[in-house]
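# model this:
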Amino acid sequence: MTSAKRRLAGVLAVLLLTMTGVATPAAAATNLTVLSFNIWMRGSHGGIGSVVNQIRASGANVVALSETGGGATEAIADALGWQHTEPGWDIDVISALPIQDTDWKSWNDTGARAITAKIAGVWVYAIHLDYTKYGPYNACFDKDSVSTILADETNRRRQAEQIAEWTGSSPGIVAGDLNSPSHQDWTAAAKSRHCGYEVAWPTTKAFTARGFTDSYRKLRPDPVADPGDTWSPVVKDNQGRPEPQDRIDFVFYRGGSITPESTRTFGGGTGWPSDHLAVLSSFTVS
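Numbering: from 1, shown residues only. Next up is the predicted model:
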């Protein structure tokens, strides 16, 4: 049978099943369990082996890494037997599932960078935003006005906007260290947790404006009862002042084919190799 005849036979079979009321088998849903994991200076504060062990313990099958480089990504992926992206920056995606495609982008004017891997039909992005002019210090240490705080967020906001725009409109997951709190956390109800401030942080708003949903706040909507702090399990003192504790690591998702099932912070305790907690979010992709 020629290839053309095989294609025609396939079409006729589908039509016959439809006409007789016999449903074609539905495609199986895929689980994507995504870990947003800043590994702290290439895993140098615990060793690559510790990073690998924590990824295994998390149950993740996709990890958005930040603070990689120097061969760290390759070493982690090889130890796990996973696939990986390799742009040569401090961000990467590693996956136990096949990586179908990859892409990356950088912006000279802001220094923003993003890398993405297509996994189970979904683009998964790893990002890491500018760490300078950290907003909670403006609030808790300098007691700046909200307008000053937001002015100092300008470059980080532009980075987030550039990355969010680059993702287009297709289903996707964006994960990483934003070096910024969330506008869903510094609310009026939670001011006592944040040095008396209410701030509509623009980095997270840049993603929600492009149709993304914060998986943690979707499933854990109360920032007072469930703050979800990821900064920092080890940094508690800043020159004799209490270090502001905050949620600055995220897993966002977009698209009706992606359903969040669970989310939590992950890590901490003896032997944890990072100065951040990770964020672990599980999705069903249909």
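# from here on, just use CA atoms for contacts and neighbour counts.
Fine.
# contacts only, for residue 188.
197, 198 (CA atoms under 8 Å, 6 or more residues apart in numbering).
# can you give me the distance of it to residue 85?
Distance from residue 188 to residue 85, counting by CA to CA, to the nearest Å: 41 Å.
# which residue, neighbours along the chain excluded, lies closest to the most centrally placed residue in the chain?
The chain has residue 175 as the residue nearest its centroid, 1.1 Å off, counting by CA atoms, centre = their mean. Distance criterion CA to CA, 6 or more residues apart in numbering; nearest residue to residue 175, sequence neighbours excluded, is residue 251 at 4.3 Å.
# okay, how far is it across stretch 92-105, tip to tip?
End-to-end for stretch 92-105, by CA to CA: 12 Å.
# same question for stretch 184-198.
First-to-last residue span, stretch 184-198, CA to CA: 10 Å.
# what does stretch 36-56 give?
End-to-end for stretch 36-56, by CA to CA: 14 Å.
# and what of stretch 163-175?
12 Å.
# buried stuff in it?
For stretch 163-175, burial by neighbour count (16 or more other CA atoms under 10 Å) applies to 163, 164, 167, 171, 172, 173, 174, 175.
# which two among those are spaced furthest apart?
Spanning the widest gap among those are 163 and 171, at 14.6 Å by CA to CA.
# nearest to residue 28 among the buried residues of stretch 163-175?
residue 171 (17.4 Å).
# residues in contact with the nearest residue to that closest one once chain neighbours are set aside?
Closest residue to residue 171 apart from its sequence neighbours, by CA to CA, 6+ apart: residue 255 at 4.3 Å. When contacts are counted by CA under 8 Å, 6+ apart, residue 255 touches 170, 171, 172.
# do you have the helices of the stretch 51-200 of the chain handy? List them.
72-80, 135-140, 146-152, 154-166 (DSSP state H, counting those that start in this stretch).
# any chance of the ones you listed in TSV, plus distance to residue 56 and mean pLDDT?
Compiled in TSV, the helices of the stretch 51-200 of the chain are given as follows (distance: least, CA to CA, whole Å; pLDDT from 0 to 100):
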stretch	distance to residue 56	mean pLDDT
helix 72-80	8	98
helix 135-140	32	98
helix 146-152	38	98
helix 154-166	29	98
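# and of those, who's closest to residue 100?
Checking those against residue 100 by CA to CA gives helix 72-80 as the closest, at 16.2 Å.
# tell me the helices and strands packed up against the closest one.
In terms of contacts (3 or more CA pairs under 8 Å, 6 or more residues apart in numbering; DSSP states H and E), helix 72-80 is packed against helix 48-58, strand 83-84, strand 91-95.
# tell me which of the ones you listed sits most buried.
Highest mean neighbour count of those: strand 91-95, a mean of 27 (counted as mean count of other CA atoms under 10 Å).
# who are the packing partners of that strand?
When contacts are defined as 3+ CA pairs under 8 Å, 6+ apart, strand 91-95 packs onto strand 62-66, helix 72-80, strand 83-84, strand 113-119, strand 122-128.
# any idea which of those is most buried?
strand 62-66 (a mean of 27).
# what are the pairing partners of it, and which direction each?
strand 30-38 (parallel), strand 91-95 (antiparallel) (DSSP bridges).
# and it, C-alpha only, in PDB?
Coordinates of the C-alpha atoms in strand 62-66 are reproduced here as PDB (Å, rounded to 0.1, in the frame of the first residue of the first chain):
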ATOM      1  CA  VAL A  62      11.300  19.000  35.100                       C
ATOM      2  CA  VAL A  63      13.600  21.500  36.900                       C
ATOM      3  CA  ALA A  64      14.100  25.200  36.100                       C
ATOM      4  CA  LEU A  65      17.600  25.800  37.400                       C
ATOM      5  CA  SER A  66      19.200  29.200  38.300                       C
END
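# got the angle for that strand vs helix 48-58?
140 degrees (axes from the mean of the first three to the mean of the last three CA atoms, to 10 degrees).
# pull the residues that contact strand 62-66.
32-40, 73, 90-97, 124-128, 175-177.
# same check, this time on stretch 127-142
Outside stretch 127-142, the residues that reach it (CA under 8 Å, 6+ apart) are 64, 66, 90-91, 111-115, 144-145, 149, 152-153, 155-156, 159-160, 174-181, 194-195, 197, 244.
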